[in-house]
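S.K.: Sequence and predicted model, in that order:
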Amino acid sequence: MRVGRLRTGLRGWGGVGAMALVCALALLFALLLPALHRGADDLGAGPDGTARPGAQGSPARAGQECRDPEKQTLAPSGDDGPAVERIRSREGGKRRLVVGVDQNSYHWGYRDPNGGDAAPVGFDIDLVRRIAEDILGDRDAVQFKAIPTDQRVRAIQDGRVDMVVRTMTITCARLADVAFSAPYFRTGQQVLVPASSPVTGYDASLAGRRVCTASGSTAHATLERDRERGTLPPGVDFATTVPNQLDCLVRLQLGEVDAVVTDGALAAGQAAQDPTVRIKGDAFTTEFYGVAMRKDADDLVRRVNRVLVAYRGDTADGWQASYDRWLAPTLGRDASKSAPPDPQYLRTG
Amino acid sequence: MTRPTAGGAAPAPGTAPSALPSVPAQSGPRTPSPAPSRPAAPPPAPRRTAFAEGVDRLRAAAVTEPGRLRLVGALLAVLVVAFGAVTAWQTAERSAAAEDVLTRSQPLSSGAAAVYRSLADANTAASSAFLAGGEENEAAREGYEKGVRAAAEGLVAAAAASGSDPSATEPVTRLNRLLPEYKGLVERARTYNRQGYPVGGAYLRYADEKMQKEMLPAAEELYEKENRRLDADYADARAHPWAAIGLGLLALGALGWAQHREYRRTHRVLNRGLVTATAATAAVLLWLAAGQGLARAGLGDSYDHGIRSLNVLHDARIASLKARANENLTLVSRGAETTTVDGEPRDAYDHAFEQNMKALGTGLAEARRLADDEAGKRPVTAAEGDMAEWRRRHAAARAQDENGDYRRALDLVIGGKGATAECFDGVDASLATALAHETRQFREAADGGRKALSGLVAGAGVLAALGATGVLLGIGRRLSEYR
């Protein structure tokens, strides 16, 4: 319509004006084309399926290729900037790091109903306290906010939380909206079913089954991508979405779904709460968890990356100790499969 | 009641051509004398229709004065008796409707409100028990069990009372199916909670969703249906008995006309029979007007001072329960759910809490306005005081939570002394007192209204019989002068 109106306008201006306009437009296209081209590449280039083609990723990152999203972070530094200052300038009882966490992921971030303290505990929470200690000098100076899976990005963008430490996979699509730290955990999507189920993993045996995923989760995005590609086993119905992956265990126990697809690390947490369900098959993706922050909080990202370096190096009370405490019982003593790769800092600004 | 009608009506056409009219006419109301005269009629000729024959006879009778008199007498008697019958019937109907208001539809409406409240109560208690952690506190568990029990009992009562009305049984059936499902989910949540597994919380959220999205709407539907039935019973009980009033006026007019006619023809002023009939008819009419007026006033009173207050109080109590549940869920969900208010993201449960507190405030103000005596005002005022304190403490608890001191916030909400739990309990207890008071007021007023009509059914019957007898005696007396 707009084009139509433009044309009508052009006729009124006469041939000379139109020609001038066409020249200007051609010039503009010639200048913009390379940039647009790079942007298109960027969206389609999910090497291991972590990018979602056609997802809400904005082409604003044009000029940077999204390969290996877990490497798209800033080099560690302890220099304070506006983001860190903002947290430190809070006064009195509000002088806390506001963190979006989960309170439903067993051994990651959950509220122990029998624990005396009502604060959440778990592997993610240990990391949160370490960051709070680094920034504010007090590992208890944290205000926990429980965030549903599909609210994580919005909570950061709205400024409701300083960061989200909540088993959040670093993906290209999310990189468009938030900034991530270096990875702190390696996992992959897995299938959870009742022990007696004939399902053997993410394969043809899943055909015709009802599958539960958390809305806004990587699992849901992966199933959607595979359906578009046509690699999803036929007849898989994943219409059941819940606010939290743990709600999937409820649906599975009540027989409302036949299988759950979620991160292996979380699936292990579900299996730990119910001895009659099993994780079937190997992980069919490789993903990394990262700490998510505001896109413009460069100093905070650098600071968290510095904390992560120290955290991984700390053998007494660091990454390994937290793993042993929370995850070894369900994921095994050997942490090599879960340990993140050596960080690379490819983002420059 | 109807026998005199037949007896009074039959003599005129049946006995008109016979030579002995006066005796059956006089004894008409008491003995079935027209009956023998009827079997006597058929033999003479092959009959046409009874109606055509009757019309012919009437025509023949209307030619002579005694015949006309008989006709007039029969018509008057029929009018008076019909008036009595219709009065009795319409009064009985209104009396039954008033009885229904008092003993059936109002208790059912209250019962449905109680089902809703019990369900909300159980859900609130379940969330409190969850917040309290694995070691459930006795009060929260007891509150939950009591709510479920009361809801189950209320449903049985509602099912028994709704009878065969499918529109009322449907929500009851749905609730009966959902209640054990809900309880199952909560029990699983409790078990997992005790084992320290977070999936317990997931079960509780699922149970809460079932309650909010399926059970409470069904309970609301039931409540609205019972309220509609109450309104219909009220309308029936308060309807003006136009048929009876119209017939009464017509009978009085006819009696007056008959006496005027007699006066014109014989210059006699008083015919005792007809005067008696007029007096009896007038008495019934007055009684009807006064009784109905009193009943309407009583029922109107019971509606204005009882039902209206009860509805407002029920709504206020439900608002306070919802506010309490939202206050708990704010802590259970820890900011997990947000909603946008005026462009600002806000905690969804805290926002819902504010809305419900606002509804509670409006409800209490309205209840205080409607309360018409000190005993009714006192508990409402007490509830308002508790509500103000609740708001204050809630703000303090929110401030603690906002500052990140979750433990303190929790203590301020479900802890012992100084917690918002005390205020909620206070509001709930005061509202219960106010509800009991208004129910009593409703019963007194409605009972007064119902009693205003008592005796009118029998009275209308006796007086109409007396009136009809008067008519027949009075006309019979005139007839005897023609012999």
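M.R.: Thanks, I have the structure now.
S.K.: switch to C-alpha atoms for all contacts and neighbour counts from now on
M.R.: Noted.
S.K.: what residues does chain A put near chain B?
M.R.: Where proximity means CA under 8 Å from any CA of the partner chain, the interface of chain A facing chain B comprises A:93-96, A:103-106, A:110-115, A:117-119, A:142-148, A:158, A:246-247, A:249-250, A:273.
S.K.: Can I have the buried ones of the residues you listed as a ChimeraX selection?
M.R.: Once 16 or more other CA atoms under 10 Å in any protein chain shown is used to decide burial, the buried members of the residues of chain A next to chain B can be selected in ChimeraX as follows:
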select /A:94,95,96,103,104,105,106,110,111,112,113,114,118,119,142,143,144,145,146,147,148,246,247,249,250,273
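S.K.: Which ones among the residues of chain A next to chain B map onto strands?
M.R.: Judged by DSSP state E, strands contain the following of the residues of chain A next to chain B: A:104-105, A:110, A:142-146.
S.K.: Tabulate these in CSV, adding columns for pLDDT.
M.R.: Below are these laid out as CSV (pLDDT from 0 to 100):
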residue, pLDDT
A:104, 83
A:105, 89
A:110, 89
A:142, 91
A:143, 89
A:144, 88
A:145, 86
A:146, 83
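S.K.: which one of those is nearest residue B:281?
M.R.: residue A:146 (79.5 Å; CA to CA).
S.K.: looking at it, the closest one is touching residue A:102, isn't it?
M.R.: Yes. Here residue A:146 lies in contact with residue A:102, judged by CA atoms under 8 Å, at a distance of 5.2 Å.
S.K.: Now do residue B:134, the pLDDT please.
M.R.: Listed pLDDT for residue B:134 reads 58.
S.K.: Next: residue A:308.
M.R.: pLDDT for residue A:308: 96.
S.K.: Residue B:59 now?
M.R.: The model's pLDDT for residue B:59 equals 80.
S.K.: Tell me how many other residues crowd it.
M.R.: Each residue near residue B:59 was counted by other CA atoms under 10 Å in any protein chain shown, and the total is 14.
S.K.: dump the residue contacts of residue 186.
M.R.: In the absence of a named chain, chain A is used. The contact partners of residue A:186, by CA atoms under 8 Å, 6 or more residues apart in numbering or on different chains, come to A:286-289, A:337-340.
S.K.: Can you look at chain B instead?
M.R.: By CA under 8 Å, 6+ apart, the contact list for residue B:186 reads B:126, B:203-204, B:207.
S.K.: Buried residues, the helix or strand where it lies. List them.
M.R.: Counting by DSSP states H and E, the element that carries residue B:186 is helix B:166-195. When neighbours are counted by 16+ other CA under 10 Å, the buried residues of helix B:166-195 are found to be B:168-172, B:175-176, B:178-179, B:182-183, B:185-190, B:192-194.
S.K.: one step back: going by distance to residue B:161, which of the ones in strands among the residues of chain A next to chain B wins?
M.R.: residue A:104 (44.3 Å).
S.K.: Dig out what the residue lying closest to the closest one once chain neighbours are set aside forms beta bridges with.
M.R.: If the residues on either side of it in the chain are set aside, residue A:104 comes closest to residue A:110, at 4.8 Å by CA to CA, 6 or more residues apart in numbering or on different chains. Counting by DSSP bridges, residue A:110 is bridged to residue A:104, residue A:121.
S.K.: For residue A:110, give its distance to residue B:427.
M.R.: For residue A:110, the distance to residue B:427 (CA to CA, to the nearest Å) stands at 34 Å.
S.K.: what about the helix or strand immediately after the helix holding residue B:186 in the chain, near chain A?
M.R.: Next helix or strand after helix B:166-195 toward the C-terminus (DSSP H and E): helix B:199-210. Yes. Contact of helix B:199-210 with chain A (CA under 8 Å from any CA) involves B:199, B:201-203, B:206.
S.K.: these two touch, right, residue B:223 and residue B:113?
M.R.: Yes. With contact taken as CA under 8 Å, residue B:223 and residue B:113 are classed as touching, separated by 5.8 Å.
S.K.: show me what contacts residue A:143?
M.R.: So residue A:143 contacts A:96-99, B:402-405 (CA under 8 Å, 6+ apart).
S.K.: circling back: nearest to chain A among the residues of helix B:199-210 next to chain A?
M.R.: When the residues of helix B:199-210 next to chain A are compared for distance to chain A (CA to the nearest CA), residue B:202 comes out closest, at 5.5 Å.
S.K.: Per-residue pLDDT of residue 111, please?
M.R.: Answering for chain A, as no chain was given. Turning to residue A:111, the model gives it a pLDDT of 81.
S.K.: think we crossed wires, I meant chain B
M.R.: 90.
S.K.: pretty sure it contacts residue B:152?
M.R.: No. In this structure, residue B:111 sits apart from residue B:152 without contact. The criterion is CA under 8 Å, and the distance is 11.4 Å.
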